[in-house]
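Enquirer: Provide a 3D model corresponding to the input given below.
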Amino acid sequence: MSVGVELSEQALPHWRRAVLKVGSNLLAADGDGLTPRFATALAAFIAASHADGRQVVLVSSGAVAAGRALLRERTAAGGALAARQALAALGQAPMIALWQSLSARPVAQVLLTHDDLRNRRRYLNARATLRELLALDVLTVVNENDTVAVDELKLGDNDNLAAIVAALVDADLLLIASDIDALYSADPRLDPAARPINDVPELTPQIMAMAGGSGSPVGTGGMRTKLEAASKAAAAGIATALFNGRSEATVRALEQGRLRGTLIRAGRSRMQARKYWLRHAPAGPGRICVDAGAAKALHGGRASLLPGGITEVAGEFNRGDMVEIITVESSGADSASIARGISQYGTAEVRRLAGCHSRDIEARLGYSYGDEVIHRDDLVRLTDAEILA
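Expert: Next up is the predicted model:
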């Protein structure tokens, strides 16, 4: 949706990994099933970003619309939840086929529900899978698993899913493409004085009010869920860019690091937000004691906790729990907490792995969740001041 107001162009924040959310209003723009009409330019942006050494994870809508188009004679526009879930199942294949037809790289699909991201173990499994797909250099297309979701199957929910995925993969930027140019000061369809807002330093209640009430399915051109998503992303230290994916010039500008739309900034950096959460999230009773070598490596700030540096384990914890990392002074003094983080393994597993080399994990357990007991991205080092805080 465009109105007769010129959008200012601004620089995108520096990014190396982004999540791009594409709405069904771009993929099924003609109301007659999926079309590459607008997706082609977005796919070109993804390819150009990849050629520049950047990574893009795609969150794509369109499965229900694709399924409905395949069975148009037998389905109504609305339909019961089970019918829409069936349409989503039917439409997944053509939706993925569309993106594969536009990509020179292999395309992988990951289906998630919000429950997958609430459960710590499933959250870690999903993140490990996405990291591996990024390492394999494939285009990953994430979608909500509508065939089993109940409350989540509703208009615009993929906006919020995209924000959660952005935090899941440690993205630097969330890009939301739709048929809307930007956030406007009012609904531009009703108020001729409405003006686009190019830069939002902070999502205040006044800004949120511009998108309409929480019960509005549309708000300012469907803006409510986009601002909700931007709020989630900002909490994780991730900026959000809203732009019109129907404008080829706007999409081409993205390739040059320029945004014609609304930039919603994050209050703190992604790393600051991540470390703050790790530092203040409640920890369980679990503690992992490490030797002097591991303590020194962790003190550097960018090391993971490997099994070889672990000397003993105390307390009970599960995979995905927050645990304290402690060290015992050679003088026999009381133990001191030096770090905390999310364990990739449970208590019994860490005990079996203590002191072994990472390459021996699978031999000892019969499986492996990775070479690290705690990955460096899930670990925060504690200084004396932080322990006292």
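Enquirer: going forward, measure contacts and count neighbours with C-alpha atoms only.
Expert: Will do.
Enquirer: which secondary structure element contains the residue nearest to E248 when sequence neighbours are not counted?
Expert: Closest residue to E248 apart from its sequence neighbours, by Cα to Cα, 6 or more residues apart in numbering: A41 at 6.3 Å. If you go by DSSP states H and E, A41 is part of helix 39-51.
Enquirer: and E202, by the same measure?
Expert: Assigned by DSSP H and E, E202 falls within no helix or strand.
Enquirer: and the longest helix along the chain, average pLDDT?
Expert: The single longest helix within the chain, with elements called by DSSP state H, is helix 81-101. The average pLDDT for helix 81-101 rounds to 87.
Enquirer: I'd like to know which elements that helix is packed against.
Expert: Under the contact criterion of 3 or more Cα pairs under 8 Å, 6 or more residues apart in numbering; DSSP states H and E, helix 81-101 touches helix 63-70, strand 107-112.
Enquirer: about what we covered before: for the residue nearest to E248, the count of nearby residues, please.
Expert: A41 has 20 neighbours, counted by other Cα atoms under 10 Å.
Enquirer: cool, and A108?
Expert: A108 has 15 neighbours, counted by other Cα under 10 Å.
Enquirer: hmm, back to that, and the helices and strands packed on helix 81-101: which comes nearest A82?
Expert: Among those, the nearest to A82 by Cα to Cα is helix 63-70 (11.7 Å).
Enquirer: for the record, mean pLDDT for that closest one?
Expert: The average pLDDT within helix 63-70 is 82.
Enquirer: please state the offset of that helix from the chain centre?
Expert: Mean-position distance between helix 63-70 and its chain equals 25 Å (Cα atoms, centre = their mean, to the nearest Å).
Enquirer: what's next to that helix, contact-wise?
Expert: Contact with helix 63-70 is made by 24, 28, 32-34, 75, 84-92, 94-95, as judged by Cα atoms under 8 Å, 6 or more residues apart in numbering.
Enquirer: buried ones among those residues?
Expert: When the contacts of helix 63-70 are checked for burial by 16 or more other Cα atoms under 10 Å, the buried set is 24, 28, 33-34, 84-92, 94-95.
Enquirer: between those residues, which sits nearest R274?
Expert: S24 (31.1 Å).
Enquirer: wait, doesn't A171 sit right on A18?
Expert: Yes. If you go by Cα atoms under 8 Å, A171 and A18 touch, sitting 5.1 Å apart.
Enquirer: so what's the spatially closest residue to V107 that is not a sequence neighbour up against?
Expert: With Cα to Cα, 6+ apart as the criterion, V107 has its nearest non-adjacent residue at 4.8 Å, and that residue is L139. Going by Cα under 8 Å, 6+ apart, L139 touches 56-58, 103, 105-108, 133.
Enquirer: please apply the same query to L259.
Expert: Each residue near L259 by Cα under 8 Å, 6+ apart is listed here: 9-12, 241, 243, 250, 253.
Enquirer: which of the helices and strands packed on helix 81-101 sits most buried?
Expert: Counting by mean count of other Cα atoms under 10 Å, helix 63-70 has the highest mean neighbour count of the helices and strands packed on helix 81-101, with a mean of 24.
Enquirer: and that one with helix 81-101, angle?
Expert: Going by axes from the mean of the first three to the mean of the last three Cα atoms, to 10 degrees, helix 63-70 is angled at 100 degrees with respect to helix 81-101.
Enquirer: so A233 makes contact with K226?
Expert: No. Counting by Cα under 8 Å, A233 stays clear of K226, with 10.4 Å between them.
Enquirer: Serialize the contacts of L139 to JSON lines and add fields for distance to A363.
Expert: Listed next are the contacts of L139 as JSON lines, based on distance: Cα to Cα, whole Å:
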{"residue": "V56", "distance to A363": "35"}
{"residue": "V57", "distance to A363": "33"}
{"residue": "L58", "distance to A363": "36"}
{"residue": "S103", "distance to A363": "38"}
{"residue": "R105", "distance to A363": "34"}
{"residue": "P106", "distance to A363": "32"}
{"residue": "V107", "distance to A363": "32"}
{"residue": "A108", "distance to A363": "29"}
{"residue": "L133", "distance to A363": "24"}
